[in-house]
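**Student:** need a 3D model of the sequence below.
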Amino acid sequence: MGQEGAEDDKAGEASAYPDPIVDEALEWLARQQNAPLARADQQQFQEWLRRSPRHGEEFRSLEAMWGSPELRKAAEGLPAAARGSMDRRRLLPSARHPRTRSLRGAAAAAIVMIAIGAWQYPALMLRWRADYITATGDRANVSLPDGSLMLLNTASAVSIDFRNGQRHVTILEGEAFFDVRHDPAHPFRVAGHFGETEVKGTAFAVRTESDRDTVVLERGRVEVSRLSDSGDHVELDPGEMVTATAKALSTVVRRDPSEILAWRDGRIIFENQRLSRVLDELRRYYHGIVIVADGRVDDLVVTGNYRLDDVPGAIGTLADAAGETMTRLPGGIILLR
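**Tutor:** A predicted model of the protein is given here:
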């Protein structure tokens, strides 16, 4: 993969997918399918795995998909034109590591990953890894194997592991609320992209985004730690919230759970928030596209309590209150100007 700095620059320029970590994971997987890694390359691979928990997570997911019969079958069904359009340099063995056996299976899998397109790959991987998933605008109640309750918010996905007495949930995307059955002998753990929350019996929510995980506690007590540094941790009391990023935990702040978790009742509540931020939240629940053509939106502050099953209605009311004009266009497009 080369030196770290050069490697990151290269990935940024030639990334096959929107997420460079996924692209790097696919690169490592393809190289290992082509031939055993040399000692120096193996050391670089192990260093890459240690840099972030997500590196190993994405690599293992790709590895599982790579050898699946379903993926090979999909590859066999690709037209010749699609197979010929891929960047073969990423799949063929290098001169340093020649091999004699066919690469047909490995190449076929990689062809599918490339052919499905950058916009389809994240959704495919999400469905591959998730045990429960919700569509945009939907919510879902789930009774977990231990009797705990989980409520998934819009466009969310989770995987669970309750084998051998474990109680482990991973938020792959979106947000979930948990009402955990008390069991001191078996801690309940929820991991996001950057942090992990451990409880024995309580009610809390975890939301994961591209650059942060947010935990808010409704009742009980939880401990939140960073995945990359378990020594960096904090305990929350009811009504407190903390954010975990790749670098640190935020300062604990007081927040009203009934406001932050109003989505459980199909509502969004906000007070003295920038309109641009409120629109970002409403976009999570809307199947269409919201376009803002007025830069003043960033400076407008709004307060409200709206239903999430009528996002256009909420945006229209906000637009009127803010002196903006809302236009609905074909295809579910909302224009604010």
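**Student:** so how far is the longest strand along the chain from its chain's centroid?
**Tutor:** Of all segments of type strand in the chain, defined using DSSP state E, the longest is strand 168-179. Computed by C-alpha atoms, centre = their mean, to the nearest Å, the chain-centroid distance of strand 168-179 equals 11 Å.
**Student:** in the stretch 1-150 of the chain, where is pLDDT below threshold?
**Tutor:** Within the stretch 1-150 of the chain, the stretches with pLDDT under 70 are 1-19, 33-35, 65-125.
**Student:** on the three-state scheme, Thr243 is what?
**Tutor:** strand (DSSP: H, G, I helix; E, B strand; the rest coil).
**Student:** that one and Leu335, how far apart?
**Tutor:** Distance, Thr243 to Leu335, using C-beta to C-beta, to the nearest Å: 32 Å. Heads up, the C-betas are built off the backbone N, CA and C, glycines and all.
**Student:** the two - which one has more neighbours?
**Tutor:** Set Thr243 next to Leu335 and count neighbours by other C-beta atoms under 10 Å: Thr243 wins out with 21 against 16.
**Student:** touching, that one and Asp213? I think so.
**Tutor:** Yes. With contact defined as C-beta atoms under 8 Å, Thr243 reaches Asp213; the gap is 6.9 Å.
**Student:** make sure Met150 is actually in contact with Gly174.
**Tutor:** No. If you go by C-beta under 8 Å, Met150 and Gly174 don't touch, sitting 12.0 Å apart.
**Student:** thinking again about what came up before, residues touching whichever helix or strand comes after the longest strand of the chain, excluding its own?
**Tutor:** Per DSSP states H and E, the first helix or strand lying C-terminal to strand 168-179 is strand 188-191. Residues outside strand 188-191 that contact it (C-beta atoms under 8 Å, 6 or more residues apart in numbering): 146, 148, 167-171, 176, 178, 180-181, 196-201, 206, 227.
**Student:** same deal with stretch 289-305?
**Tutor:** By C-beta under 8 Å, 6+ apart, the list of residues contacting stretch 289-305 reads 262, 267-276, 278-279, 282-283, 314-315, 317-318, 321-322, 324, 331-337.
**Student:** where exactly do the strands run in the stretch 151-300 of the chain?
**Tutor:** For the stretch 151-300 of the chain, the strands defined by DSSP state E, counting those that start in this stretch cover 157-161, 168-179, 188-191, 195-199, 203-208, 213-219, 222-226, 229-236, 240-244, 253-254, 267-274, 289-292.
**Student:** ok, which of these comes nearest Asp310?
**Tutor:** strand 267-274 (10.7 Å; C-beta to C-beta).
**Student:** so where's the stretch 151-300 of the chain uncertain?
**Tutor:** For the stretch 151-300 of the chain, no range has pLDDT under 70.
**Student:** dump stretch 217-235 to PDB, keeping only the CA atoms.
**Tutor:** This file holds the C-alpha atoms of stretch 217-235, laid out as PDB (Å, rounded to 0.1, in the frame of the first residue of the first chain):
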ATOM      1  CA  LEU A 217     -29.300   9.000  28.700                       C
ATOM      2  CA  GLU A 218     -33.000   9.000  29.700                       C
ATOM      3  CA  ARG A 219     -32.700   7.000  32.900                       C
ATOM      4  CA  GLY A 220     -30.300   4.800  34.700                       C
ATOM      5  CA  ARG A 221     -26.500   5.100  34.200                       C
ATOM      6  CA  VAL A 222     -24.200   4.300  31.400                       C
ATOM      7  CA  GLU A 223     -20.500   4.400  30.700                       C
ATOM      8  CA  VAL A 224     -19.300   5.700  27.300                       C
ATOM      9  CA  SER A 225     -15.800   5.000  26.000                       C
ATOM     10  CA  ARG A 226     -14.000   5.500  22.700                       C
ATOM     11  CA  LEU A 227     -13.400   2.400  20.700                       C
ATOM     12  CA  SER A 228      -9.800   3.400  19.900                       C
ATOM     13  CA  ASP A 229      -9.000   4.200  23.600                       C
ATOM     14  CA  SER A 230     -11.100   2.500  26.300                       C
ATOM     15  CA  GLY A 231      -9.200   4.500  28.900                       C
ATOM     16  CA  ASP A 232     -11.000   7.600  27.600                       C
ATOM     17  CA  HIS A 233     -14.400   7.100  29.100                       C
ATOM     18  CA  VAL A 234     -17.200   9.000  31.000                       C
ATOM     19  CA  GLU A 235     -20.300   8.100  33.000                       C
END
